[in-house]
Structures are given as structure tokens and as C-alpha cells.
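Undergrad: based on what follows, work out the 3D shape:
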Amino acid sequence: MSLPSLKDQFAALIATPSVSCTQPHWDQSNRAVIDLLASWLGALGFACEIQDVAPGKANLLATLGSGPGGLVLAGHSDTVPFDAELWQSDPLRLTEQGDRWLGLGVCDMKGFFPLVIEAVRGLQGQPLKQPLLVLATCDEESSMAGARALADAGRPLGRAAVIGEPTGLQPIRLHKGIMMERIDILGQSGHSSDPSLGHSALEAMHDVMGELRALRAQWQREFSNPQFGVPTPTLNLGCIHGGDNPNRICGQCSLEFDLRPLPGMDPQQLRAAINAKLQPLAERHRVRIDYAPLFDNVPPFEQSADSELVHLAEKLTGHAAQAVAFGTEAPYLQQLGCETLVLGPGDIACAHQPNEFLELARIEPTVQLLRQLIQHYCL
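TA: Predicted coordinates for the structure are as follows:
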């Protein structure tokens, strides 16, 4: 088959919805996106392997060349949900507006794949000494099930991996972890005129939040990394629900919170510290307290500043490697033995926002950068 133009590839990917979301009414299959990428990469000579992760959800691993080592260019094939009424244009149609392309996923991060294909097209005919792998995953924006499945399979990929998440073409070698947790308290309802008739879940939760805030203060004293814009770990009390009427002792209360640990902080130790505070409160208030993650945590990520990939990316971009607060699939690729870096053309400030865009001026520098990375690791 003849490959579509770069712009037509962008348009086709954006017109193929692949929302992943914890809310079932939003969640969609990514298989049509995977099939598009497989057809284009197959036309360039890649051997394309589709890995089914869950019904309607799949990863693509496309390989050009063979042997150990090589380079992995990676990204996710899904997008977040969108508010169509807040967009100035159709979010599922590529729209050119001045010096930008607009569309859902153009920045975060379907648009990375056409740029990879463009980089490879410019190197056709040159024999590879080491393999080039293109990885497209599912469900990064929700459960990270695609990257987790790869890590669980334990199959080595390449010597180095670059994830094209939006970083403004600045190399990122550190990011915080993500823990989203839930605490449920079951007390005993009763008439509010007599406190002895019940055990207030709301009052118990008040003390739970006090302990969480105290732990947050402790962790912020103990852990700090000046490379991050927010140098300490954060804990956000996100939402709370409980009770039903002013004249009833609150019988049930739930809290959901978000914890962003720094590299070097162990999520299991953090959970153990929280659990140690909860049991005495349960006994004091005579309530039941259940604590569990909303989903598996994303580990903090750190690639050594002295690694070959970091030195190369700093040399090619002219920027020192930085740290970001948002999470990526980097820890899972690192678990497979890849030196890993996050480096892509978009801007994180417009990701997950109406009117998501990619600056046209970023296209050619990204293609050239990808070709230089391929030349270094594969040619």
C-alpha cells in the first residue's frame, strides 16, 4: 500500500476515537487505531505483532530489523475523554488554525506516531545494525493496562526507549509516582440527640484526615528533590462523601485522595504508614475502616543522569534533562531493561484540555531528532 501523507496520517488517527476512561460510558476500544498503525508500519517493512490486553484493547509492537539492543520509540494510542461543546472545532477532526494543528490526541499523543513514520521514511534503504521497535499501548490514560501487560510479560525490548509524551522537546528523566487511594469508614447511625446511640463515621474521618495531613507534613520534611517544580511529595484530599441528614449520626463516610511520591519513595511503605495510623482510630471511634488503592500505583521514574541516552538527548536537544510532575509509562519500559527517557513535541499545558494543539514548528525538529536517535542506536 502507499502511505498517506503526514497530515493525512494525523487526520486519520484523530478521526478514529480511542478514549480510555475508568467510567464505562466513556471507555472505547483502541483496536482501530492499532490496525491503522500496523498497516502503515507494515508498509514500511515492520513486522507487526498485536498483543490483546483486554476485550477491545490491544498493544502494537512493530519491529524493523533483528538482534539484541536497538531503540524503542513508544507512545499510547488512547486519549482522555473530551468536552465537545468547549472546543472551537470538532475534536475528532484535524483542524489547522494559524501555526497549529488542533485535534484530540494531536499533542497527547497520537501525533507522535506519524512523526516516527516520517523519520523512518527518510532512512529507508539504510540497513539496520540494531532493531528499531515502535510500541503503541492501550489505556495509558486510565489503568496503564497496556504497559503493565508488557512489563508482566517480561520480554526484553531494546537498549533504549524514548516515549513521545508532550515535553516541548525537552528531555525528561524523572517524574513522580501516582497513587490514587480510597478510605471507607462504616460506623453506626443513630438519633443525633443522643451521641451514645451511634458511632460517627464522619467524626472518625475528620481524625483520619488529620493523620493524613500529619503524614504529608512528615513526608514533606523528609523528602525533597529540587529538580521538580514542586520539590516535595504531595497528598491531595480530593473528594469526600458521607451521611444523609443533619439529625442522624453519620453511619458511612468515604474519602478519595491522591498521593504523588518522589523517586526513591516506596508506595508500599507509604501505604503501611497510613495503615498504621488507621487501626488505632478505628478502635477509638468504634468503627470499621477499609483502605485500598483505587487502582495499582504508577511508580516514580528516574533515569540516571549519567546514562548514555540522557547524555545523547541532552546533546541533540541542547537542553539539560528535567523532571516533571505528571506520570508516564516510563517505569514499565525501564523494568524491561531499557534506558528510558520521555521526549516529545507537544506541550503538556494543552494536554487534556479543549483545543489541544501541536505547533507546526515542532514537526520538522522532532522528525530530525528521531532520525538522529535512530541513526545512533540502529544504523
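Undergrad: ok, Y332 - contacts?
TA: M144, A147, R148, L150, A151 (Cβ atoms under 8 Å, 6 or more residues apart in numbering). No exception for glycine: its C-beta is placed from N, CA and C like everyone else's.
Undergrad: closest one to H285 out of these, please.
TA: M144 (35.6 Å; Cβ to Cβ).
Undergrad: count of neighbours near that closest one?
TA: Per other Cβ atoms under 10 Å, the neighbour tally for M144 reads 25.
Undergrad: with the one 5 residues further on instead?
TA: Other residues within reach of A149 by the criterion other Cβ under 10 Å amount to 20.
Undergrad: now the helix or strand encompassing L215, how far from the centre of its chain.
TA: For L215, the host element (DSSP states H and E) is helix 201-222. Counting by Cα atoms, centre = their mean, to the nearest Å, helix 201-222 is centred 27 Å from the centre of its parent chain.
Undergrad: mind listing what's buried along it?
TA: The neighbour-count check on helix 201-222 (16 or more other Cβ atoms under 10 Å) flags A201, L202, E203, A204, M205, D207, V208, E211, L212, L215, R216, W219 as buried.
Undergrad: can you check stretch 343-358 too?
TA: 343-348, 350-351, 353-358.
Undergrad: ranges for the strands of the stretch 51-200 of the chain?
TA: Ranges of strands in the stretch 51-200 of the chain, per DSSP state E, counting those that start in this stretch, are 57-64, 71-76, 95-97, 100-102, 132-137, 160-163, 172-175, 179-186.
Undergrad: buried ones in the last one?
TA: The reference is to strand 179-186. Here strand 179-186 shows M179, M180, E181, I183, D184, I185, L186 as buried, counting by 16+ other Cβ under 10 Å.
Undergrad: return stretch 87-104 as CSV; C-alpha atoms alone will do.
TA: Output of stretch 87-104 as CSV, limited to C-alpha atoms (Å, rounded to 0.1, in the frame of the first residue of the first chain):
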residue,chain,number,x,y,z
TRP,A,87,-13.9,23.0,21.7
GLN,A,88,-13.7,25.7,19.0
SER,A,89,-13.6,23.0,16.4
ASP,A,90,-14.6,19.3,16.1
PRO,A,91,-12.2,17.4,18.4
LEU,A,92,-12.3,14.4,16.2
ARG,A,93,-11.2,16.3,13.1
LEU,A,94,-7.8,17.7,12.4
THR,A,95,-8.1,21.5,12.0
GLU,A,96,-5.4,23.9,11.0
GLN,A,97,-5.5,27.2,12.9
GLY,A,98,-2.7,29.6,12.1
ASP,A,99,0.6,27.9,13.1
ARG,A,100,-1.1,25.0,14.8
TRP,A,101,-2.9,21.7,14.2
LEU,A,102,-5.9,21.1,16.6
GLY,A,103,-7.5,17.8,17.5
LEU,A,104,-7.9,15.3,20.3
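Undergrad: in that stretch, what's buried?
TA: Quick answer for stretch 87-104 (16+ other Cβ under 10 Å): W87, P91, L92, L94, T95, R100, W101, L102, G103, L104.
Undergrad: and for stretch 146-153?
TA: G146, A147, R148, A149, L150, A151.
Undergrad: same thing with stretch 117-129?
TA: So for stretch 117-129, counting by 16+ other Cβ under 10 Å, buried means I117, E118, A119, V120, L123, L128.
Undergrad: any idea of the mean pLDDT for it?
TA: The predicted model assigns stretch 117-129 a mean pLDDT of 94.
Undergrad: look up how far N247 lies from the residue positioned nearest the centre of the chain.
TA: Nearest to the mean C-alpha position of the chain, by Cα atoms, centre = their mean, lies T328 at 3.5 Å. As judged by Cβ to Cβ, to the nearest Å, T328 and N247 stand 49 Å apart.
Undergrad: also Q124?
TA: 76 Å.
Undergrad: could you do L202 as well?
TA: 14 Å.
Undergrad: what strand or helix carries G45?
TA: Using DSSP H and E, no helix or strand contains G45.
Undergrad: phi, psi of it?
TA: Backbone geometry at G45, expressed as degrees, to the nearest 10, gives phi 100, psi 0.
Undergrad: now do the contacts for it.
TA: Per Cβ under 8 Å, 6+ apart, neighbours of G45: L64.
Undergrad: and the buried residues of strand 179-186, which is closest to P4?
TA: Using Cβ to Cβ, these come closest to P4 at M180, 38.5 Å.
Undergrad: show me what contacts that closest one?
TA: Contact analysis of M180 by Cβ under 8 Å, 6+ apart lists E256, F257, D258, L259, P293, L294, F295, N297.
Undergrad: let's go with 6 Å and repeat that
TA: D258, L294 (Cβ atoms under 6 Å, 6 or more residues apart in numbering).
Undergrad: and the pLDDT at it?
TA: 91.
Undergrad: same thing with the one 4 residues further on?
TA: The score at D184 is 98. That number is its pLDDT.
Undergrad: same check, this time on S2
TA: For S2, the predicted pLDDT is 84.
Undergrad: ditto for S143
TA: 88.
Undergrad: now it: how far from A153?
TA: From S143 over to A153 (counting by Cβ to Cβ), the distance is 16 Å.
Undergrad: closest one of the buried residues of strand 179-186 to T22?
TA: M180 (9.7 Å).
Undergrad: now do the SS call for L237.
TA: With DSSP: H, G, I helix; E, B strand; the rest coil as the basis, L237 sits in strand.
Undergrad: look up the closest residue to it, ignoring the ones flanking it.
TA: F257 (5.1 Å; Cβ to Cβ, 6 or more residues apart in numbering).
Undergrad: now do R216
TA: Looking at R216 with Cβ to Cβ, 6+ apart, the closest residue is L235, at 4.2 Å.
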